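Engineer: my questions concern the predicted model and sequence given below.
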Amino acid sequence: MNTHTAILAVHHWGHGPGWWFLIPLLFWAAIIFLVVRAVRRCGRFGPSWRSGEAVLAERYAKGEIDADEYRDRLSVLRERAK
């Protein structure tokens, strides 16, 4: 073994495989996590909240309430929104 080879054997770059390869993996995992979270929060996969008017219209369409009750409740909802 010559001197140059001995120096490289003792002082090789990185001192083994190390953990440096995890940095890009963690970066992309964080990006994917944030995108999925944003889609769930804002998109169709998110929590299913509906406005009071939408719930009221659905109840009217199902026949659970009549037209007079629908109009009364709708006016109350719109007054509260002001």
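Structural biologist: Cool, got the structure. Numbers count the residues shown, from 1 in each chain.
Engineer: the protein: helices as residue ranges?
Structural biologist: 3-10, 22-42, 52-62, 67-81 (DSSP state H).
Engineer: what distance do you get for Val39 to Trp19?
Structural biologist: Using Cβ to Cβ, to the nearest Å, Val39 is found at 30 Å from Trp19. Just so you know, the C-beta spots here come from the backbone N, C-alpha and C atoms, and that holds for glycine as well.
Engineer: can you check Leu56 too?
Structural biologist: To Trp19, Leu56 is 56 Å away according to Cβ to Cβ.
Engineer: circling back to that earlier point, between Val39 and Trp19, which has more neighbouring residues?
Structural biologist: Neighbour count, other Cβ atoms under 10 Å: between Val39 and Trp19, Val39 has more, with 12 against 8.
Engineer: distance of Arg40 relative to Leu22?
Structural biologist: Per Cβ to Cβ, Arg40 is found 26 Å from Leu22.
Engineer: TSV please, covering the helices of the chain and showing mean pLDDT.
Structural biologist: Formatted as TSV, these follow (pLDDT from 0 to 100):
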stretch	mean pLDDT
helix 3-10	51
helix 22-42	90
helix 52-62	91
helix 67-81	90
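Engineer: what backbone torsions are found at Phe21?
Structural biologist: Phe21 adopts backbone torsions of phi -70, psi -20, taken as degrees, to the nearest 10.
Engineer: I'd like the numbering to begin with 31 instead of 1 from here.
Structural biologist: Yep, numbering from 31; the last one is Phe51 now.
Engineer: run a quick neighbour tally on it.
Structural biologist: By other Cβ under 10 Å, 8 other residues sit near Phe51.
Engineer: what score does it have for pLDDT?
Structural biologist: The confidence metric pLDDT takes the value 78 at Phe51.
Engineer: ok, now how distant is Val69 from Asp96?
Structural biologist: 39 Å.
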